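Engineer: Quick one, what's the 3D model for this:
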Amino acid sequence: MRRVTIVALAFHLAGCATITRGTSQVVAVTTPGVPGATCTLTSPSVGTQVVVTPATISLPKGRDAVSVRCEKECYQDGAGIIASNMEGMAAGNLILGGVVGLGVDAASGAMNSYSPEVQIVMPPIPGCRPPAPPSARRL
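Structural biologist: As a prediction, this is how the structure comes out:
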C-alpha cells in the first residue's frame, strides 16, 4: 500500500509547475539608447541584485513584482516594474497535483512567472557632458 501511495504522489507532483517550469526565470533588462546603465532590481523574493545594461539575469520566481531603478551619468534615472503573473498551469495543478502540488508551487514561487523583458527609458539631461575617461585626459 505504501508503494502505491508513493507512486500516486509522484504522479501528481510530476504535473506541477515546480518540475515543469522551474523556480527561476531569465529576464532581459535593457535601457534603449543608453548602454552601460547600472540597474538595481529589488523584491522580497529576489532581494537586491545589480546589473549593467544590456543584461539578462536569472531571478528566483515569486509572487511579488520586481522594481527596477537604473542610473547613468548625464541621463535621468529610469524606473520600471517586472510584473509577476500566475502561470496558467497552476490552475491545472488543482486537477493533477491537488492541494499538495499547489502548495509546492506556491512555496517555491513556480506558480508565478515574470515578464520576459523590461525596457527602462532614460532621457538624456540636456547640456550634460560626462567627463573624459582618465586615459583620454593624459594624451
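Engineer: State the helix or strand in which the residue nearest to Pro116 when sequence neighbours are not counted lies.
Structural biologist: Spatial nearest neighbour of Pro116, excluding adjacent residues (Cβ to Cβ, 6 or more residues apart in numbering): Val27 at 6.3 Å. C-beta here means a position set from N, CA and C on the backbone, and glycine is covered the same way. Using DSSP states H and E, Val27 falls within strand 24-30.
Engineer: so what secondary structure elements neighbour that strand?
Structural biologist: strand 55-60, strand 66-72, strand 112-114, strand 117-119 (3 or more Cβ pairs under 8 Å, 6 or more residues apart in numbering; DSSP states H and E).
Engineer: same thing but 6 Å
Structural biologist: strand 55-60, strand 117-119 (3 or more Cβ pairs under 6 Å, 6 or more residues apart in numbering; DSSP states H and E).
Engineer: residues making contact with that strand?
Structural biologist: 39, 51, 53-61, 82, 114, 117-119 (Cβ atoms under 6 Å, 6 or more residues apart in numbering).
Engineer: Just the residues contacting stretch 116-125, thanks.
Structural biologist: 28-32, 34, 68, 70, 74-76, 78, 80, 82.
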